[in-house]
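J.: Sequence and predicted model, in that order:
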Amino acid sequence: MSGSGKPGPRTVFGFHAVLASLRADPASVIEILVDEARNDARAKDLVAAAEKAGIKMMRVPAKRLEGLQGGGGHQGVVARVLARKTGHSVDELLQTIERPLLLVLDGVTDPHNLGACLRVANAAGAHGVIAPKDRAAGVGATVSKVASGAAEITPYFMVTNLARTLRELKERNIWVIGADERAGKTLYEVDLPGSIAWVLGAEGEGMRRLTRETCDLLVRIPMLGAVQSLNVSVAAGVCLFESVRRRGTPKGFA
C-alpha cells in the first residue's frame with residue numbers, strides 16, 4: 001500500500017489551523033501574517049507562540065490577508081507552511097497499531113466535506129483517512145480551516161488504486177465495512193470487529209461499484225425522519241463513534 005503526500009508550500013488560515021501547524025511541526029511554518037488591526041488576547045497569544053518558536057511574523061493590512069486567502073474567513077491570521085508529510089505509508093502506519101480504526105472516503109471531492117471528515121475522524125481517534133488520488137480533494141487552505149487543526153495531525157493517504165488498498169487491508173484482518181443506504185441491516189444490528197476501515201462515498205453518488213463489491217459488509221444508518229441521507233461527515237461520525245462505543249475505549253485505541 002502506498003500513499004504519502006509530496007511536500008510543498010500551501011496556505012493555512014484561521015487560528016485553529018495555524019496553531020495546529022505551529023504545534024504539530026513548527027519547522028514546517030514558513031511565516032505567519034497577522035492582521036495589523038488585531039491586538040486582542042488571541043492574536044497576542046499566537047504572536048507569542050510564533051516568536052517562541054522562531055517563526056517569522058508580519059503585521060499586514062486585512063486586505064493582504066484576503067488576497068492570500070481568497071475571502072474574508074481568515075480570522076485575521078494566515079500562514080504559509082510546507083505541506084505536511086504523513087511520515088508513513090499506510091503499511092508503515094498499520095505496523096504500529098494493534099486495532100486500527102480507519103476512514104476511507106470514495107469520491108469526496110468537496111474540500112468542506114473533506115475538512116469536516118478529517119475533523120470527525122480525529123475526534124473519534126481514527127488512525128488515518130484514505131482516499132483515491134483520482135476522486136478526492138487534496139488538503140488545502142479550505143480543508144485546513146474546516147478541519148479546525150485536524151488536517152495538520154491526522155494522517156491522510158491518497159492512494160492510486162483504492163480497491164487494491166482495501167484488499168490489502170483485508171489481508172491484515174481489518175474488516176472493510178461500507179455505509180450504504182441500500183444495505184439490508186443497520187450498523188446497530190451487526191457485530192463490529194475491533195479492526196475496521198469504514199468506507200463512505202460522496203453524498204448522492206455513494207461508493208463506486210468496485211469499492212462496494214470489495215467491502216466485507218455493507219450496513220446502513222437508519223433514517224427515522226423525513227430526510228433520506230446524511231452529509232458524509234455526519235455519516236462518518238455516526239459510524240466511527242459507534243466503533244468507539246463498541247470498543248469501550250474512548251481515550252484512544254493505539
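T.: Thanks, I have the structure now.
J.: Going along the chain, name the helices of the stretch 1-150 of the chain.
T.: For the stretch 1-150 of the chain, applying DSSP state H, counting those that start in this stretch gives helices covering 15-24, 41-52, 62-69, 90-94, 111-123, 141-147.
J.: nearest to residue 163, of those helices?
T.: Across the helices of the stretch 1-150 of the chain, residue 163 has its closest neighbour in helix 90-94 (14.0 Å, CB to CB). (C-beta placed from N, C-alpha, C; glycine too.)
J.: And that closest one, what's buried?
T.: For helix 90-94, a neighbour-count test (16 or more other CB atoms under 10 Å) marks 90, 93-94 as buried.
J.: now those residues as JSON lines including distance to residue 160 and pLDDT?
T.: Shown next, in JSON lines, are the buried residues of helix 90-94 (distance: CB to CB, whole Å; pLDDT from 0 to 100):
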{"residue": "90", "distance to residue 160": "12", "pLDDT": "91"}
{"residue": "93", "distance to residue 160": "17", "pLDDT": "88"}
{"residue": "94", "distance to residue 160": "17", "pLDDT": "90"}
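J.: got the contact list for the residue of the chain positioned farthest from its centre?
T.: Within the chain, residue 37 marks the point farthest from the mean C-alpha position, 32.1 Å out by CA atoms, centre = their mean. Applying CB atoms under 8 Å, 6 or more residues apart in numbering to residue 37 gives the contacts 62, 76.
J.: mind running it again at 10 Å?
T.: 43, 59, 61-62, 76 (CB atoms under 10 Å, 6 or more residues apart in numbering).
J.: and what of residue 52?
T.: Counting by CB under 10 Å, 6+ apart, residue 52 touches 22, 26.
J.: which residues touch residue 128?
T.: By CB under 10 Å, 6+ apart, residue 128 lies in contact with 3, 86, 88, 90, 93-94, 97, 100-104, 121, 154-157, 197.
J.: So for stretch 21-40, mean pLDDT?
T.: Across stretch 21-40, pLDDT averages out at 86.
J.: Just the buried residues of that stretch, please?
T.: So stretch 21-40, judged by 16+ other CB under 10 Å, has buried residues 21-22, 25, 28-29, 32-35, 38.
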